[in-house]
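**Q** Have a look at this prediction, sequence included:
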Amino acid sequence: LQGVFDAVPSILVLFDENKKIRRINTTGKEIIGLNEKEIVGRKIGEVLQCTKHRQSKRGCGVGSICRRCVINESINRALKAGEKVLGAEESITRDISPSNPSYFRINAVPFNLDNKKWAVVSLEDITDRKNAELEAIRLNDSIARANIELKESLEKLARSQSQLIESQKLEQIGLLASGLAHNLKTPLGGIKGYAQLLSLDHKDSHELKMILEEVDVMEGIIENLMIKSRKDHATKEESININDLIQIELKFLNSNMFYKHKVKKNIELDEDLPQIFGKYTHFSQILMNIIGNALDAMYESDERILTIKTRHDEKNIYIEVSDTGCGIPEDIKEDIFKPFFTTKPSPKEVHEDEPFGTGLGLSSANYFIHQYGGSISIDSKIAKGTTVTIKLPYSKDLHSGKVRKILIVDDLSSMVDILIQVCQDMGLEAYGATTGEEAIKLYKKIQPDVVVSDLCIPGISGPQLIKEIRTMNQSQPVIYVTGYYDNPDYQSWLSKEMRRPSINAVLKKPFPLEYFKNVVQRMFTCE
């Protein structure tokens, strides 16, 4: 019988009615790593423990936590209730190796011998199978996350492609417009010159006055056309007066007969509206897309009123574009910002001056607005009209002549150089350091308005650096940069930091430079 007992490849243990071990097979002794004398007479918790024992302050087998232990429960059911236990599972560790738990399937069979209760308990090692199951779960989670990321990437790619198409179209139109403007300017100058000469001899001529007035209008249109088609507008970031931009866009719309003759205009612009920093073409495209949609919505309306307002508060500027058009149905409000979604017919399906759509207008406007840290909201009622509100953050000091300082800390000198160049292009006075010690010296010397710091830097670590800076300026605004955002230690530290009253942001590497610029601008905006 002992030979059969020892031949079983699982742990076999014989327990008496006091739950003490009376016999254990060879496999059990090998797995536990103790000889028979060291095992017999002891309770199971003295040689094997489930992972719950770490939560018991008084040790294995003692305390409320142990009532949930599958090992204890199986032995108790067999000895006290006389029940068979088959297929229970528990994570078990030995006291000498608590960091390497194994998984076991537990079977307990009770029997009576010499008027005493006994139980034979087998523990089959299923660690490999369990680890495979856990790995499969982790793999499924990873696949699910990868699918989500892939979906987001595909959506982003679709947006980028649509933006690229639009940008390429705009660039070609800009080149054409620029050439057209230059070609018109010379003969128009000749017409104006001859008209002025004729007016010297015919000062009271009403016709000549009308010609000169129309020439002035044409010159204004050409000038605006040349401004919009300037190549540096597509690449250069600059301070932009939204009010001026609105006026320019509206002048261009005068060539649209529907807008010029059939739409009532109500323009209310905030005279003290702060300027914002960005690319002219981006904001031009945003405004033209939003205003264009408003005009299209009023195509079949009896009352056609276009209202454009600007205003600002301490942190943001607001642009409101309202129409008295058809309104947006509730069931499609969530879809209107998706690329290629449109309720209008395609260009091939329209007749004469009927509105048409590509599904890229609101999508591209929404994309650019979010690139600048802004937001867009829509309030619409069927057959009443729609109001689109654009909110954009601005900085009081970033481009007002007051030079702001920023300190960049990263262990990669190439990253420091790149971010310094980006900040300098934004009009900031930028400094860089590649170690914590160097950063401390620079900080004391320049007293930066904002600190951008990687959390993993040589010497003084990122968290230690920020702690040191906090002793000098408790409310120092900081942008944290890390490639280890999922690290539990960093997450715990960051969650505490983000609860501070000072302004903080977290950037997860790798990040787009456009996003970095938006975060930096928002930091100065919120000061």
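**A** Cool, the structure landed. Numbering: from 1, shown residues only.
**Q** Please count neighbours and contacts with C-alpha atoms only from this point.
**A** Fine.
**Q** which strands and helices sit next to the longest strand along the chain?
**A** Longest strand in the chain, counting residues (DSSP state E): strand 97-113. Packing contacts for strand 97-113, counted by 3 or more C-alpha pairs under 8 Å, 6 or more residues apart in numbering; DSSP states H and E, involve helix 70-80, strand 85-94, strand 116-125, helix 127-201.
**Q** Show me what counts as buried in it.
**A** The neighbour-count check on strand 97-113 (16 or more other C-alpha atoms under 10 Å) flags 101-110 as buried.
**Q** circling back to that earlier point, out of the helices and strands packed on strand 97-113, which gets the lowest mean score?
**A** Note on these: lowest mean pLDDT is at strand 85-94, with a mean of 69.
**Q** Does Leu287 touch Ile246 like I think?
**A** Yes: with contact defined as C-alpha atoms under 8 Å, Leu287 counts as touching Ile246 (7.3 Å).
**Q** From one end of stretch 264-284 to the other, what's the distance?
**A** Taking C-alpha to C-alpha, to the nearest Å, stretch 264-284 runs 22 Å from one end to the other.
**Q** Partner strands of the longest strand of the chain and their direction?
**A** strand 85-94 (antiparallel), strand 116-125 (antiparallel) (DSSP bridges).
**Q** before we move on, the earlier item: redo the buried residues of strand 97-113 as a markdown table? Include pLDDT and distance to Lys43.
**A** Rendered in a markdown table, the data for the buried residues of strand 97-113 read as follows (pLDDT from 0 to 100; distance: C-alpha to C-alpha, whole Å):
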| residue | pLDDT | distance to Lys43 |
| --- | --- | --- |
| Pro101 | 66 | 19 |
| Ser102 | 74 | 19 |
| Tyr103 | 78 | 19 |
| Phe104 | 81 | 18 |
| Arg105 | 85 | 19 |
| Ile106 | 86 | 16 |
| Asn107 | 88 | 17 |
| Ala108 | 88 | 15 |
| Val109 | 90 | 17 |
| Pro110 | 89 | 17 |
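**Q** In JSON lines: these, plus distance to Pro458.
**A** What follows is the buried residues of strand 97-113, written out as JSON lines (distance: C-alpha to C-alpha, whole Å):
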{"residue": "Pro101", "distance to Pro458": "35"}
{"residue": "Ser102", "distance to Pro458": "38"}
{"residue": "Tyr103", "distance to Pro458": "41"}
{"residue": "Phe104", "distance to Pro458": "45"}
{"residue": "Arg105", "distance to Pro458": "48"}
{"residue": "Ile106", "distance to Pro458": "50"}
{"residue": "Asn107", "distance to Pro458": "54"}
{"residue": "Ala108", "distance to Pro458": "56"}
{"residue": "Val109", "distance to Pro458": "60"}
{"residue": "Pro110", "distance to Pro458": "62"}
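**Q** Could you identify the most distant pair in the residues you listed?
**A** Using C-alpha to C-alpha, these span at most 27.0 Å, a distance reached by Pro101 and Pro110.
**Q** Wait, a helix at Tyr480?
**A** No: with DSSP: H, G, I helix; E, B strand; the rest coil as the criterion, Tyr480 is assigned strand and is not in a helix.
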